[in-house]
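Asker: coordinates only, no sequence provided:
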């Protein structure tokens, strides 16, 4: 756009590019710090694919990026957690046709497993059923075991049976699989418009986000807010945040379920934890 040659990579040019993203001179809106950082990562990857290297620690890049973060950086916007009472209200609004059975299983399984939306829709019935598989399921007497190939590598997620069939994620999954006649390939597939027939295509992860937003409106969650604000509060990540915020167990078990490498990452998902449960001031004798 500026008439310069992008190859070979020039730290000076990249620094100017980052500064322009943060303070555009052509009237375009400024990008957020996280988006700028992602653009820089994309550049580094692309240069690497072409046989070049880009040193992000070069002063022309590092200094500009540090200045952008100081001036424009702000805490990440966290989505609202879907809490147990919210899940109960959501599933109560779903019909009992095939689409309703599928969506009920998605909500309950996603919440109980603390799953990412991509992990939910990438599940297969068995190992190596499809090339696009991100894991598989094994239904046992006491629950279901999900073997997932997630962002942090392979992990197993155990989801036990609930106290009532209406809210049990394993029962909901079994009902969906039985009536949809699914015994091979993707666990969650599309349905016909009337919700009475299953189709072969695997669901997109965007369906999970749309489902949560639609159920937030239909079930009346945060009804005191305008509709646009309610929709902006919730996303696919709300299921993971809901489990982390609601499970009254030792933190390390929540960390394992979510597949986090550190307890600090798990705490970011806990929207209503007691921050002062461990009081080091008193423990130190003050």
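Answerer: Right, received. Where do you want to start? No experiment lies behind these values; they were computed from the predicted model shown.
Asker: all helices of the stretch 1-150 of the chain, in order?
Answerer: Assigned by DSSP state H, counting those that start in this stretch, the helices in the stretch 1-150 of the chain fall at 11-22, 33-49, 59-72, 84-92, 98-113, 117-121.
Asker: and for the longest one, what are the contacting residues?
Answerer: In this structure, residues lying in contact with helix 33-49 by Cβ atoms under 8 Å, 6 or more residues apart in numbering are 9, 14, 18, 21-22, 31, 53-54, 56, 61, 65, 68-69, 72-74, 76. To be clear about C-beta, it is placed using only N, CA and C from the backbone, and glycine gets the same treatment.
Asker: please list only the buried members of these.
Answerer: Buried residues within the contacts of helix 33-49, defined by neighbour count using 16 or more other Cβ atoms under 10 Å: 9, 14, 18, 21-22, 31, 54, 61, 65, 68.
Asker: quick one on the thing from earlier: most neighbours per residue, which of the helices of the stretch 1-150 of the chain?
Answerer: Comparing those by mean neighbour count (mean count of other Cβ atoms under 10 Å), helix 98-113 ranks first with a mean of 24.
Asker: identify the residues contacting that one?
Answerer: Residues outside helix 98-113 that contact it (Cβ under 8 Å, 6+ apart) are 82, 87, 90-91, 94, 115, 117, 119-120, 144, 146, 157, 159, 162, 167-169, 172-173, 175-176, 179-180, 188-189, 191, 195-198, 208, 211-212, 215, 239-240, 242-243, 257.
Asker: so can I have CSV of the buried ones among the contacts of helix 33-49 showing distance to residue 139?
Answerer: Formatted as CSV, the buried ones among the contacts of helix 33-49 follow (distance: Cβ to Cβ, whole Å):
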residue, distance to residue 139
9, 51
14, 51
18, 50
21, 48
22, 51
31, 45
54, 48
61, 51
65, 48
68, 49
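Asker: closest one of those to residue 221?
Answerer: Relative to residue 221, the closest of the buried ones among the contacts of helix 33-49 is residue 31; by Cβ to Cβ it sits at 31.2 Å.
Asker: hmm, residue 7 is touching residue 50, no?
Answerer: Yes: if you go by Cβ atoms under 8 Å, residue 7 and residue 50 touch, sitting 7.1 Å apart.
Asker: and residue 228, how far from residue 217?
Answerer: Residue 228 sits 11 Å away from residue 217, taking Cβ to Cβ, to the nearest Å as the criterion.
Asker: now residue 55
Answerer: To residue 217, residue 55 is 48 Å away according to Cβ to Cβ.
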